[in-house]
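>>> fold the following for me, if possible:
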Amino acid sequence: MPLQTYRDLDVWQAGIELVEKVYFLAKSLPDDERYGMTSQLRRAVISIPLNIAEGYGRSHRGDYLRCLSFSQGSLKEVETLLIIIGRLKCAERFALQPCWELCQRIGKMLTRLMQSLSGTTRPPTPTPYKKPNEQNH
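I've put the predicted structure just below:
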(Lines give C-alpha, C1' and ligand atoms only; values in the text may rest on other atoms or scores of the structure.)
Protein backbone atom coordinates (compact mmCIF):
# COMPACT_ATOMS: atom_id res chain seq x y z
CA MET A 1 0.00 0.00 0.00
CA PRO A 2 1.50 3.37 -0.99
CA LEU A 3 2.23 6.02 1.62
CA GLN A 4 -0.65 8.41 2.13
CA THR A 5 0.99 10.61 4.76
CA TYR A 6 4.16 10.97 6.83
CA ARG A 7 2.31 9.10 9.60
CA ASP A 8 2.60 5.96 7.45
CA LEU A 9 6.41 6.09 7.60
CA ASP A 10 7.88 3.48 9.95
CA VAL A 11 10.67 5.89 10.87
CA TRP A 12 8.18 8.59 11.91
CA GLN A 13 6.23 6.06 14.00
CA ALA A 14 9.48 4.91 15.67
CA GLY A 15 10.33 8.58 16.31
CA ILE A 16 7.02 9.07 18.12
CA GLU A 17 7.70 5.93 20.16
CA LEU A 18 11.12 7.34 21.09
CA VAL A 19 9.51 10.60 22.21
CA GLU A 20 7.24 8.62 24.55
CA LYS A 21 10.13 6.58 25.96
CA VAL A 22 12.39 9.60 26.44
CA TYR A 23 9.67 11.64 28.13
CA PHE A 24 9.06 8.76 30.51
CA LEU A 25 12.81 8.53 31.19
CA ALA A 26 13.08 12.31 31.64
CA LYS A 27 10.48 12.19 34.42
CA SER A 28 12.84 9.98 36.42
CA LEU A 29 15.85 12.31 36.13
CA PRO A 30 16.85 14.38 39.17
CA ASP A 31 14.85 17.56 39.72
CA ASP A 32 17.98 19.69 39.47
CA GLU A 33 18.27 18.59 35.82
CA ARG A 34 14.78 19.78 34.90
CA TYR A 35 16.08 22.88 33.10
CA GLY A 36 19.34 21.32 31.97
CA MET A 37 19.55 17.85 30.50
CA THR A 38 15.83 17.12 30.79
CA SER A 39 14.87 20.18 28.78
CA GLN A 40 17.57 19.58 26.16
CA LEU A 41 16.68 15.90 25.88
CA ARG A 42 13.02 16.69 25.29
CA ARG A 43 13.75 19.36 22.68
CA ALA A 44 16.11 17.05 20.78
CA VAL A 45 13.84 14.00 20.79
CA ILE A 46 10.79 15.96 19.64
CA SER A 47 12.82 17.35 16.76
CA ILE A 48 13.28 13.87 15.27
CA PRO A 49 9.68 13.12 14.18
CA LEU A 50 8.95 16.84 13.63
CA ASN A 51 11.67 17.12 10.99
CA ILE A 52 10.61 13.86 9.36
CA ALA A 53 7.07 15.23 9.03
CA GLU A 54 8.26 18.63 7.85
CA GLY A 55 10.50 17.09 5.20
CA TYR A 56 7.71 14.86 3.94
CA GLY A 57 5.57 17.96 3.45
CA ARG A 58 8.21 19.81 1.42
CA SER A 59 7.88 20.15 -2.33
CA HIS A 60 11.48 19.38 -3.21
CA ARG A 61 13.49 16.24 -2.55
CA GLY A 62 16.52 18.29 -1.46
CA ASP A 63 14.42 19.96 1.24
CA TYR A 64 13.19 16.56 2.39
CA LEU A 65 16.76 15.27 2.61
CA ARG A 66 17.83 18.36 4.55
CA CYS A 67 15.03 17.82 7.07
CA LEU A 68 15.96 14.15 7.41
CA SER A 69 19.53 15.28 8.03
CA PHE A 70 18.26 17.53 10.83
CA SER A 71 16.43 14.51 12.29
CA GLN A 72 19.65 12.51 12.13
CA GLY A 73 21.49 15.33 13.94
CA SER A 74 18.84 15.49 16.66
CA LEU A 75 19.06 11.72 17.02
CA LYS A 76 22.82 11.98 17.63
CA GLU A 77 22.10 14.67 20.20
CA VAL A 78 19.69 12.33 22.03
CA GLU A 79 22.26 9.51 21.91
CA THR A 80 24.92 11.81 23.38
CA LEU A 81 22.59 12.93 26.15
CA LEU A 82 21.79 9.30 26.97
CA ILE A 83 25.52 8.61 27.26
CA ILE A 84 25.99 11.63 29.53
CA ILE A 85 23.01 10.63 31.69
CA GLY A 86 24.48 7.16 32.07
CA ARG A 87 27.98 8.38 32.90
CA LEU A 88 26.69 10.85 35.47
CA LYS A 89 24.58 8.04 36.98
CA CYS A 90 21.39 10.09 36.62
CA ALA A 91 19.59 6.92 35.48
CA GLU A 92 20.26 3.20 35.60
CA ARG A 93 21.57 1.46 32.50
CA PHE A 94 18.46 -0.73 32.25
CA ALA A 95 16.33 2.43 32.07
CA LEU A 96 18.45 3.87 29.26
CA GLN A 97 18.72 0.69 27.18
CA PRO A 98 15.29 0.78 25.47
CA CYS A 99 15.85 4.38 24.38
CA TRP A 100 19.36 3.59 23.15
CA GLU A 101 18.20 0.56 21.14
CA LEU A 102 15.38 2.54 19.54
CA CYS A 103 17.84 5.31 18.66
CA GLN A 104 20.00 2.78 16.84
CA ARG A 105 17.01 1.45 14.94
CA ILE A 106 15.84 4.93 13.95
CA GLY A 107 19.34 5.87 12.83
CA LYS A 108 19.42 2.93 10.43
CA MET A 109 15.94 3.74 9.16
CA LEU A 110 16.84 7.38 8.54
CA THR A 111 20.01 6.37 6.72
CA ARG A 112 18.10 3.96 4.47
CA LEU A 113 15.41 6.57 3.74
CA MET A 114 18.02 9.19 2.90
CA GLN A 115 19.82 6.73 0.65
CA SER A 116 16.65 5.83 -1.19
CA LEU A 117 15.74 9.50 -1.72
CA SER A 118 19.22 10.47 -2.89
CA GLY A 119 19.73 7.36 -5.02
CA THR A 120 22.98 6.50 -3.27
CA THR A 121 24.17 3.45 -1.41
CA ARG A 122 25.55 5.53 1.44
CA PRO A 123 24.74 8.91 3.01
CA PRO A 124 26.09 11.95 1.19
CA THR A 125 29.59 13.01 2.28
CA PRO A 126 29.74 16.59 3.51
CA THR A 127 31.97 18.83 1.43
CA PRO A 128 34.65 20.75 3.30
CA TYR A 129 34.12 24.45 3.76
CA LYS A 130 36.30 26.67 1.59
CA LYS A 131 36.65 30.38 2.07
CA PRO A 132 35.31 32.34 -0.91
CA ASN A 133 38.80 33.59 -1.82
CA GLU A 134 40.41 30.10 -1.79
CA GLN A 135 41.18 28.63 -5.19
CA ASN A 136 41.55 25.01 -6.14
CA HIS A 137 45.23 24.11 -6.57
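>>> tally of neighbours for Arg58?
13 (other CB atoms under 10 Å). Where you see a C-beta, it was placed from the backbone N, CA and C, and this is true even at glycine.
>>> how many residues are close by Asp8?
Asp8 has 12 nearby residues by other CB under 10 Å.
>>> try the one 4 residues further on
Counted by other CB under 10 Å, the residues lying close to Trp12 total 24.
>>> contact partners for the closest residue to it other than its chain neighbours?
Leaving aside its sequence neighbours, Trp12 sits nearest to Ile52 (CB to CB, 6 or more residues apart in numbering; 4.7 Å). Going by CB atoms under 8 Å, 6 or more residues apart in numbering, Ile52 touches Tyr6, Leu9, Val11, Trp12, Gly15, Cys67, Leu68, Ser71, Leu110.
>>> from those residues, which land in helices?
Val11, Trp12, Gly15, Cys67, Leu68, Ser71, Leu110 (DSSP state H).
>>> take these and lay them out in TSV including distance to Ala26 and pLDDT.
Formatted as TSV, the ones in helices among the contacts of Ile52 follow (distance: CB to CB, whole Å; pLDDT from 0 to 100):
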residue	distance to Ala26	pLDDT
Val11	22	98
Trp12	21	98
Gly15	16	98
Cys67	24	97
Leu68	25	98
Ser71	19	98
Leu110	22	98
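>>> can you lay out those as a markdown table showing distance to Pro30?
Output for the ones in helices among the contacts of Ile52, formatted as a markdown table (distance: CB to CB, whole Å):
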| residue | distance to Pro30 |
| --- | --- |
| Val11 | 32 |
| Trp12 | 31 |
| Gly15 | 26 |
| Cys67 | 33 |
| Leu68 | 34 |
| Ser71 | 28 |
| Leu110 | 31 |
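>>> what helix or strand is the residue nearest the centre of the chain located in?
Centroid-nearest residue in the chain, with CA atoms, centre = their mean: Leu75, separated by 2.6 Å. Using DSSP states H and E, Leu75 maps to helix 61-87.
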